[in-house]
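S.K.: Take a look and give me a structure for this.
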Amino acid sequence: MPALWIAHVTVTDEDAYGKYATLAGPAITKHGGKFIARGGRFVQLEGRARPRNVVARFDSVEAAEACYHSPEYQEALNHARGASERELLIVETAE
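M.R.: Reported below is the predicted structural model:
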């Protein structure tokens, strides 16, 4: 079943987070992720709002999780730690 990788982000250090974004996009694409939303307009209806929201589609939960644990994504993530407050989850779609 396809899965969505959903990130809600508040950037606290633009320079460091920019390095994360430069590396994370290619890492996600390399592992089969296709971006659906990347920081566009949103409406927060419940819970804590984060100004940046990203959604990528993968072929499966396992593929998305493998991407997260990959050396390429972990290298990118090193730049996001301390440069952002984030929530990230993977959810299987109903397709």
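S.K.: Quick check, Cys67 in contact with Leu77.
M.R.: No - Cys67 sits out of contact with Leu77 when judged by C-beta atoms under 8 Å, with a separation of 11.0 Å. The C-beta positions use only the backbone N, C-alpha and C, and glycine is treated the same way.
S.K.: CA-only coordinates of the longest helix along the chain in PDB, if you can.
M.R.: Determined from DSSP state H, the single longest helix within the chain is helix 14-30. Written as PDB, here are the backbone C-alpha positions of helix 14-30 (Å, rounded to 0.1, in the frame of the first residue of the first chain):
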ATOM      1  CA  GLU A  14      17.500  29.200   8.100                       C
ATOM      2  CA  ASP A  15      21.100  28.600   7.000                       C
ATOM      3  CA  ALA A  16      21.400  25.100   8.600                       C
ATOM      4  CA  TYR A  17      17.900  24.100   7.500                       C
ATOM      5  CA  GLY A  18      18.700  25.200   4.000                       C
ATOM      6  CA  LYS A  19      21.600  22.700   4.000                       C
ATOM      7  CA  TYR A  20      19.100  20.000   5.200                       C
ATOM      8  CA  ALA A  21      16.700  20.900   2.400                       C
ATOM      9  CA  THR A  22      19.500  20.800  -0.200                       C
ATOM     10  CA  LEU A  23      20.400  17.200   0.800                       C
ATOM     11  CA  ALA A  24      16.900  15.900   1.900                       C
ATOM     12  CA  GLY A  25      15.100  16.400  -1.400                       C
ATOM     13  CA  PRO A  26      17.500  14.300  -3.500                       C
ATOM     14  CA  ALA A  27      17.600  11.600  -0.700                       C
ATOM     15  CA  ILE A  28      13.800  11.400  -0.700                       C
ATOM     16  CA  THR A  29      13.600  11.300  -4.500                       C
ATOM     17  CA  LYS A  30      16.400   8.600  -4.700                       C
END
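S.K.: residues making contact with that helix?
M.R.: Contact with helix 14-30 is made by 5, 11, 35, 56, 67, 70, 72-73, 75-80, 82-84, as judged by C-beta atoms under 8 Å, 6 or more residues apart in numbering.
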